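Colleague: What shape does this take:
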Amino acid sequence: MLAVLALLVFFMFRNGRKRQKDTLSLQSKMVPGADVMTNFGLYGTIVSIDEEENKVALEIAPGTIVQIHRQTIARVVEPTVVGDDVVLDETVDSDAGTPSITGEPEYGQRADFEPTTDDAQTDTNTEPKKGDA
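Modeller: The predicted model follows:
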């Protein structure tokens, strides 16, 4: 029983040190000009940091600066780099062997529906169904 208690205390101290190390690394990355994300999902750029009052001036839009508590900054956002080999065009390479879908409507566009002879024979009932508007 004492061994389990000692193991529990060991893990508590270990987690505390790990959290302290993560906090110190975040504090070292927080400099004016860094892009950050807050705990409540607000993205912005640090304008200034007030060490005495634990406040950060965060620019969330051009000309819009908000004051937040320093501990609400969750992480420093690293810029993502798009590689040169990424193709942003939606065209399909015919040599790659992947079939391309042609004639499909884009999202939000209506497709012209032409019933086949099988559909025309089964839709002989002209009474409205439940849910028809």
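
Colleague: Where is the longest helix in this protein?
Modeller: helix 2-29 (DSSP state H).

Colleague: which secondary structure elements does that helix contact?
Modeller: In terms of contacts (3 or more C-beta pairs under 8 Å, 6 or more residues apart in numbering; DSSP states H and E), helix 2-29 is packed against strand 73-76. All C-beta atoms are positioned from the backbone trio N, CA, C, and that covers glycine.

Colleague: Show me what the strand it packs on is packed against.
Modeller: When contacts are defined as 3+ C-beta pairs under 8 Å, 6+ apart, strand 73-76 packs onto helix 2-29, strand 35-38.

Colleague: Select, out of these, the one closest to Arg70.
Modeller: Minimum separation from Arg70 across the helices and strands packed on strand 73-76 (C-beta to C-beta) falls at helix 2-29, 8.4 Å.

Colleague: Pull out the buried residues from the closest one.
Modeller: Buried residues in helix 2-29, defined by neighbour count with 16 or more other C-beta atoms under 10 Å: none.

Colleague: State the mean pLDDT of it.
Modeller: Mean pLDDT, helix 2-29: 90.

Colleague: Ok, stretch 51-68 next?
Modeller: Mean pLDDT, stretch 51-68: 93.

Colleague: for that stretch, how far is the first residue from the last?
Modeller: 12 Å (C-alpha to C-alpha, to the nearest Å).

Colleague: Equivalent analysis for stretch 39-57, please.
Modeller: 15 Å.

Colleague: Please verify my assumption that Gly33 contacts Ser48.
Modeller: No: assessed by C-beta atoms under 8 Å, Gly33 is found out of contact with Ser48, at 10.1 Å.

Colleague: These two - which one has more neighbours?
Modeller: Ser48 (12 against 7; other C-beta atoms under 10 Å).

Colleague: Nearest spatial neighbour of that one, chain-adjacent residues omitted?
Modeller: Excluding the flanking residues, the one nearest Ser48 by C-beta to C-beta, 6 or more residues apart in numbering is Ala57, at 4.5 Å.
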